[in-house]
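Enquirer: fold the following, please.
(one chain, ligands or ions: 1)
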Amino acid sequence: MKRIVILISGRGSNMEAIVHACRDQAWPAEVSAVVSNRPDAAGLTFAANHGIATAVVDHKAFGKGDAARAAFDQELARVIDSYAPDVVVLAGFMRILTPEFVQRYAGRLLNIHPSLLPSFPGLHTHERAIEAGCRVAGATVHLVTAELDHGPIVAQAVVPVLDGDNAQALAQRVLGLEHRMYPSAVRWMVCGELAISGNQVRHLGGEAQLFTL
Ligand code: GAR
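Expert: Numbering: from 1, shown residues only. Okay, here's the model as predicted:
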């Protein structure tokens, strides 16, 4: 049985989708813990109600600056390691991670980002896509590397940007596909079904790595 630890900062709807898929599809894996950097993250309640261990590493307790960031990441890694995960999943985890943290979980650390990377790394992705006049938008699941919102792309979801869209409407359209895409990507990872060569990631069974409406 492979072990998955999921990191969240808020709502946790992607985490929920992964928990449901893991159980409903009987993956050879379990979600061992959900860890948040915010004590009030709504997703913690879902996890606890579903019998999943929860933990909080409150970044505010560490203060600001490089030393604080390093200390936070060390404590986060200590908590994560106590669950001995095979795969660590960032699901709406809104902290920039140190290179040391990323290196520790290299090759088994996944993130979902709400844009079609390499376009729009960082924040406010949907506003920026609309502002730029994009006709498509989406989300990307990628392996995490030290550079923010970079790393080999495991899957992408694409939706149209419709006339009159605001960021909320677009985010909602993208989120629906995130909830299909991220569980598939995590399943591929835990089942060892991905071939990774440089930036190229291929599903060995030929499952589609592009998700559309
Ligand atoms: C998702 O849309 C995810 O792509 C995004 O935050 C949302 C979390 O929602 N992630 C990032 O912006 C990471 N930089 P959720 O908590 O309901 O899964």
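
Enquirer: for this protein, what lies in contact range of the ligand?
Expert: Residues of the chain lying near the ligand by C-beta under 6 Å from any ligand atom: 8, 10-14, 91-92, 112-114, 139, 175, 178. Any C-beta I mention is one placed from the backbone N, CA and C, and that applies to glycine too.

Enquirer: domains for the chain, by residue range?
Expert: Split into domains by automatic domain parsing, the chain comes to 1-105, 112-213.

Enquirer: now render those domains as a markdown table, adding mean neighbour count and mean pLDDT.
Expert: Listed next are the domains of the chain as a markdown table, based on neighbours: other C-beta atoms under 10 Å; pLDDT from 0 to 100:
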| stretch | mean neighbour count | mean pLDDT |
| --- | --- | --- |
| domain 1-105 | 18 | 98 |
| domain 112-213 | 17 | 98 |
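
Enquirer: can you name the residue of the protein nearest the ligand?
Expert: Residue nearest to the ligand within the chain: G92 (2.7 Å; C-beta to the nearest ligand atom).

Enquirer: residues in contact with that residue?
Expert: By C-beta atoms under 8 Å, 6 or more residues apart in numbering, the residues touching G92 are 8-15, 43, 112.

Enquirer: dump the residue contacts of P85.
Expert: Applying C-beta under 8 Å, 6+ apart, the residues contacting P85 are 3-5, 32-33, 108.
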